[in-house]
Structure formats: structure tokens, C-alpha cells
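In: Got a predicted structure here, sequence first:
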Amino acid sequence: MQAAIAEALRRQREAGVTIYATWHSRHAAGVSQARDWLAQRITGALFALLTLVVLAKVLLTSGPLGYEGWAGIFAPQWMKALTFAVFIALAYHIWIGMRDIWMDYVKPAGIRLVLHVFTIVWLVACLGWAVQVLWRL
């Protein structure tokens with residue numbers, strides 16, 4: 001490695017140019033924020049996908065759409081799985097937003113920890129409720 005660096009520096013001096021070097025680490029400043037930004041875009045795309053699927057199913061359903069119609073839309077296993085995947089994405093989306101709010105605006109670490117734990121418990125409970133609703137447990 002040292003020899004390669006020495007060779008690059010020699011070539012740089014001979015050519016009379018400047019070498020710009022950088023490094024990347026998953027622990028570098030800004031990587032976490034970029035990961036969160038990307039996660040929110042991906043979860044948003046999942047929301048849009050479910051919205052389009054449900055909208056298409058509603059528009060293709062003939063007659064009035066009562067309880068039986070809605071139950072029929074969500075009856076297939078693939079629809080239940082897609083809906084639950086969106087619920088998981090929604091929980092993660094909410095977690096990123098709430099974590100940022102707690103980190104930015106709640107300064108005492110103890111209160112912030114309590115709010116983080118409460119948020120996680122609440123989101124897990126919501127996912128449990130979603131399982132009950134989707135699979136009628």
C-alpha cells in the first residue's frame with residue numbers, strides 16, 4: 001500500500017497536478033442521514049405502490065363497495081403480504097421521523113430515551129394490530 005501511494009505521489013509531482021483523494025466509511029458524518037433519506041424515499045415508493053394497487057382494484061370493482069367488497073380486495077394472501085410490508089415500511093418511516101424529532105428537540109437524555117422506547121413499543125403494538133386485522137386473529 002505504501003509503495004502504491006509513493007508511486008502515485010511521484011507521478012503527481014512529475015505531471016505537475018494535484019491528486020484529490022477521499023475515503024468512505026459507513027461511520028463518516030452524513031452517511032447515516034443519507035441512509036435515512038434513502039429509506040424514507042423507498043418506503044414512500046412502497047406507499048405509492050399499495051395506493052396504486054388498491055386504487056386499481058377499487059376502480060375495477062363493479063357495483064357499490066361495501067364491507068364485502070373491501071374484504072374481497074384484501075382477501076388474497078399476496079395483498080395481505082403487500083399490505084403488511086407497507087405497514088412495516090410505515091413503521092420504519094415513522095420511526096425515522098420521530099427519532100429525528102426526539103433527537104432534535106428533546107435535550108435531556110433520560111426523557112429522550114423514554115420517548116424512544118415509547119415510540120418503539122407503540123410502533124410494534126401497531127404492527128401487532130395490523131397482523132390481527134389482516135389475518136383476522
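Out: Sure thing, it's come through. Numbers count the residues shown, from 1 in each chain.
In: Secondary structure element holding the spatially most central residue of the chain?
Out: Averaging the C-alpha coordinates of the chain gives a centre point, and the residue nearest to it by CA atoms, centre = their mean is A39 (3.5 Å). A39 is part of helix 31-60 when elements are defined by DSSP states H and E.
In: how much distance is there from that helix to the middle of the chain?
Out: On the basis of CA atoms, centre = their mean, to the nearest Å, helix 31-60 sits 9 Å off its chain's mean C-alpha point.
In: ditto for stretch 75-87
Out: Stretch 75-87 sits 17 Å away from the centroid of its parent chain (CA atoms, centre = their mean).
In: now it: mean pLDDT?
Out: When the per-residue pLDDT values of stretch 75-87 are averaged, the result is 95.
In: Stretch 109-125 now?
Out: What stretch 109-125 shows for mean pLDDT is 98.
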